[in-house]
Each structure stands twice: as structure tokens, then as C-alpha cells.
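Engineer: kindly return the folded structure for what I paste below:
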Amino acid sequence: MPQINSLATSKGLISGDLCYMEADGTRIDCRSSTVVSAVSSNIAGIRNMVSSAKFVMIVEKDATFQRLLDDNFCTKLSPCIMITGKGVPDVNSRLMVRKLWDTLHIPIFALVDADPHGIEIMSIYKYGSLSMSFEAHSLTVPSVMWLGLLPSDLQRLRVPEDALIPLTKRDESKLISLLQRPYSASQPEWLKEMEIMQRSKVKAEIQSLAAIAPDFLTNIYLPNKLRYGGWV
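Structural biologist: Numbering: from 1, shown residues only. Below is the predicted model of the structure:
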């Protein structure tokens, strides 16, 4: 069986209520709101992982990750851990999410753009990628929940129309592909959200919530979702 080179350079970032020891004995402490750590390049060597986090939030984009850090999101709401693979995740970012799930046994949420690309990135964390299907077990977290941005949120929150983007032909093709994947049938709520996108023919970036209010994402959208259950 092919082996993953887990010592490859990581591009992901992690922050929040988390401490652990690297294989070489380096102690990593992510708990300061000003500290951002690179995801380890040797996930298998991590030991003594300690956290009082209530959940892990995968953030699709580095810009959103940085915005949440600037707003002290991890300390404002409740202890949590944020991780970003800066778009399509590298192997180490995926291994780290799996390690957090295996070790801490806490919910894993995904915050991605309401577009086919964001859904695909989230699906890689949850179901894996075709190119590395041989390692799906160690690289995926089947319990990942879609926190946002949901296509139904765009209607529910009345996100201003000028903040929405029409789907391109490529988007529509990607969406059809996602709808036809075997795992879609086992996720009826995800299926419903993708069908809403298909019908509305629009997509939106997480940043579009700033059109409602500059602090809407950090102070209203995410706290309400996490307190009252707004994920699928």
C-alpha cells in the first residue's frame, strides 16, 4: 500500500485552545489569540495533546481565518480550535483534523464559501479525495458538519443581491458532479443545500456577510449557529 509522506511541508495554520509536543520535543502552545502555528509536518509524532476546546472549526480561506483571529473569535465564544488548509487542504492539514477528532472527540465544523469549490473542499475533509482514496481512513473525518455558509442562509438572511455572484458554467458543472457523487445520497441535508444553489444559480463568499454588517460573521452569524444549531 502506498505510504503518505507526512513529513512534507505543511501550508496549513492552526490556532486556539491547544497545546502539544512535537516529535522533536518542541512544545507548541496555540492558546494565545495572537499566536498562529503552522500545522505540524509530522502529525504521527505529535504527543501529549491537551485542549479544553468545545469544537474544531475548519476554515476554508486564510483571509477568513485571519479575520476571525483579529476578532478574537476563539476566546469570545467558547474555547475552540481553528484550522485552515488555505483552500484545498494539504495532507498534513487533513491528518491534523483527523488527529484532533481521534484525540479530543469534539465536534468538527466546516466554514466554507457557499459555492461548489467550497463544498468540494469540505468534502475532501469529510470523504477524502479520489487521488488519495487508498488513505481515506486516516485522512478523513466522517463526522464533519457544514456550519456555513449555507445556500439557504443567503435567502434566510437576505444577503444583499450585489454581494451574490452568478454561477459560472464551470460552477454548474462542478455542482452536477458533486450531486452525483455516491456520498451525496447519504447526506440529504447537503443534497438539499446544493439543490438550493442549483435553483438559485448564485454563490457567495463568506465575506459577503459583511454586506449585512462588518462584524456580522463573528458577532452574530457564528455565535447564533453554534448556540442554536444551524449546521447540516
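Engineer: number of residues surrounding residue 25?
Structural biologist: By the measure other Cβ atoms under 10 Å, the count of residues near residue 25 is 7. All C-beta atoms are positioned from the backbone trio N, CA, C, and that covers glycine.
Engineer: wait, residue 208
Structural biologist: 23.
Engineer: residues touching it, list them.
Structural biologist: 149, 154, 159, 163, 164 (Cβ atoms under 8 Å, 6 or more residues apart in numbering).
Engineer: residue ranges with poor pLDDT in the protein?
Structural biologist: 1-8, 32-34, 130-137 (pLDDT under 70).
Engineer: and the strands in it?
Structural biologist: Counting by DSSP state E, the chain has strands at residues 13-16, 19-21, 27-29, 37-38, 47-50, 55-59, 80-84, 108-111, 145-148, 165-166, 202-203.
Engineer: in the third one, what counts as buried?
Structural biologist: Along strand 27-29, these residues count as buried under the neighbour rule (16 or more other Cβ atoms under 10 Å): residue 28.
Engineer: nearest to residue 71 among the strands of the chain would be which one?
Structural biologist: strand 80-84 (11.4 Å; Cβ to Cβ).
Engineer: show me the contact partners of that closest one.
Structural biologist: By Cβ under 8 Å, 6+ apart, strand 80-84 touches 12-18, 30, 39, 51, 53-62, 64-65, 68-69, 73-74, 93, 96-97, 100.
Engineer: buried subset of those as a PyMOL selection?
Structural biologist: Burial among these is assessed by 16+ other Cβ under 10 Å; the matching PyMOL selection reads:
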select buried, resi 12+13+14+15+16+17+18+30+39+51+53+55+56+57+58+59+60+61+62+64+65+68+69+73+74+93+96+97+100
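Engineer: and the residue nearest to the spatial centre of the chain, how far is that from residue 161?
Structural biologist: The residue lying closest to the centre of the chain (Cα atoms, centre = their mean) is residue 58, at 2.6 Å. Per Cβ to Cβ, to the nearest Å, residue 58 is found 29 Å from residue 161.
Engineer: same check on residue 229?
Structural biologist: 28 Å.
Engineer: also residue 179?
Structural biologist: For residue 179 relative to residue 161 (Cβ to Cβ), the value is 25 Å.
Engineer: residue 176 too?
Structural biologist: Relative to residue 161, and taking Cβ to Cβ, residue 176 is found at 24 Å.
Engineer: thanks a lot, see you next time.
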